[in-house]
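S.K.: Sequence plus the predicted model coming up.
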Amino acid sequence: MKKFSKLYFFIILFILLICSCLYILRYYFDIYITKKESNLLNELSLSENITNDNKTENKTEVVIGKVKTERMIKLEKLQEENSDIIGWIEIENTDINYPVLQGKDNSYYIKHNYKKQISSNGAIFLDKDYNFDLPSSNLLIYGHNMKNNTMFQHLLKYKDKTFYTNHPFIRFTTNNEDVNYEIISVFESRVYYKSEKNVFRYYYFINAENEEQYNEYIQNAKKASLYDTGKTAKYGEQLLTLSTCSYHIKDGRFVVVAKKGN
């Protein structure tokens, strides 16, 4: 009986050791993959980084009466690798500087990167229901809140009004335009149960059927805002909403809403 207990103890210890080793291996593997993806993204970055040693010109190309910036030209090159890439998002002087994808559903790019490889980081992606042919009223974009400071983790810095003051714009580049969006609201939210009434389900708003729906979204976003940005939007102005997980509450979300600049 004593021998059996001792053997049982060593078996349990061995299993725990194996599990610990697998956990450590997985941890460092995730770090390796994250670093590898970050390096690739840095190489792909559409930012016009200008230094004294290596100055680059912001090339433009005139196409059918409109000007294509260098970022737009680079974006077209990226789309040759993956046609799901629909844009590039950047918040200056932060780690948010990524391609934006749009899949056939809102689950694929939760676990796949921009190269369609399985990744715990996932990708930054646009809601599947956004229609560029309309275009829809609100670019609703999702990204993970990663502990390794990647994807949309830095969005939570907008809890601090000083951070907002120093980073009031979000740059979004597509095939058709390269523009800044001005932030009008930042707020905490959560995914609500179907039974809950009179709550602000920001994640349902893609296209306003009328002015009343649009104004209701803006009013709710402003009301929920952690602080007053002094900015708002009027019917017809294109909106951009960034959403990531937040752990202030179960199923919590952190949201930044911006309007297209003039």
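M.R.: Noted; the coordinates are in hand. Note that the coordinates shown come from a computational prediction; the quantities given were computed from them, not determined experimentally.

S.K.: how many other residues sit next to the nearest residue to Ala224 once chain neighbours are set aside?
M.R.: The shortest distance from Ala224 to any non-neighbouring residue, by Cβ to Cβ, 6 or more residues apart in numbering, is to Phe187 (3.8 Å). For the C-beta atoms, the positions are set from N, CA and C on the backbone; glycine is no exception. Neighbour count for Phe187, taken as other Cβ atoms under 10 Å: 21.

S.K.: Ok, Lys197 next?
M.R.: 6.

S.K.: does it count as helix, strand or coil?
M.R.: Assigned with DSSP: H, G, I helix; E, B strand; the rest coil, Lys197 falls in the coil class.

S.K.: So which residues of the chain form strands?
M.R.: With DSSP state E as the criterion, the chain has strands at 60-63, 66-69, 85-90, 97-101, 124-126, 138-142, 169-173, 178-190, 239-246, 252-260.

S.K.: Pipe these into a markdown table and attach distance to Lys161 per row.
M.R.: A markdown table is the format used below for the strands of the chain (distance: least, Cβ to Cβ, whole Å):
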| stretch | distance to Lys161 |
| --- | --- |
| strand 60-63 | 36 |
| strand 66-69 | 31 |
| strand 85-90 | 21 |
| strand 97-101 | 23 |
| strand 124-126 | 25 |
| strand 138-142 | 22 |
| strand 169-173 | 15 |
| strand 178-190 | 9 |
| strand 239-246 | 17 |
| strand 252-260 | 13 |
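
S.K.: Format the ones you listed as CSV; extra columns: distance to Ile12 and mean pLDDT.
M.R.: Converted to CSV, the strands of the chain look like this (distance: least, Cβ to Cβ, whole Å; pLDDT from 0 to 100):
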stretch, distance to Ile12, mean pLDDT
strand 60-63, 66, 46
strand 66-69, 62, 80
strand 85-90, 48, 96
strand 97-101, 44, 96
strand 124-126, 43, 98
strand 138-142, 41, 98
strand 169-173, 52, 97
strand 178-190, 40, 97
strand 239-246, 35, 98
strand 252-260, 37, 98
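
S.K.: Can you say which of those is nearest to Gln213?
M.R.: strand 138-142 (10.5 Å; Cβ to Cβ).

S.K.: ok now do Thr232, which residues does it touch?
M.R.: Thr232 makes contacts with 184, 218, 222, 259, as judged by Cβ atoms under 8 Å, 6 or more residues apart in numbering.

S.K.: Which members of those residues are the farthest-apart pair?
M.R.: Of all pairs drawn from these, the one with the longest distance (Cβ to Cβ) is Lys222 and Lys259, at 11.6 Å.

S.K.: Identify the contacts common to those two.
M.R.: Shared between the contact lists of Lys222 and Lys259 (criterion: Cβ under 8 Å, 6+ apart) are residues 184, 232.

S.K.: is it true that Glu81 touches Asn113?
M.R.: No - Glu81 lies out of contact with Asn113 (Cβ atoms under 8 Å); the separation is 11.7 Å.

S.K.: okay, these two: which has more neighbours?
M.R.: Asn113 (22 against 13).

S.K.: shouldn't the more buried one be in contact with Ser119?
M.R.: Yes - assessed by Cβ under 8 Å, Asn113 is found in contact with Ser119 at 4.1 Å.

S.K.: How much space separates the closest residue to Tyr130 other than its chain neighbours from Lys115?
M.R.: Spatial nearest neighbour of Tyr130, excluding adjacent residues (Cβ to Cβ, 6+ apart): Ser136 at 5.0 Å. Using Cβ to Cβ, to the nearest Å, we find Ser136 at a distance of 27 Å from Lys115.

S.K.: With neighbour numbers in mind, choose between these two.
M.R.: Ser136 (19 against 12).

S.K.: can you map out the helices along the protein?
M.R.: Assigned by DSSP state H, the helices in the chain fall at 2-44, 70-79, 161-166, 211-224.

S.K.: returning to what we had before: bridged to the residue nearest to Ala224, which residues?
M.R.: Residues in a beta bridge with Phe187, per DSSP bridges, are Val255.

S.K.: Ok, Glu182 next?
M.R.: With DSSP bridges as the rule, Glu182 is bridged to Phe169, Lys259.
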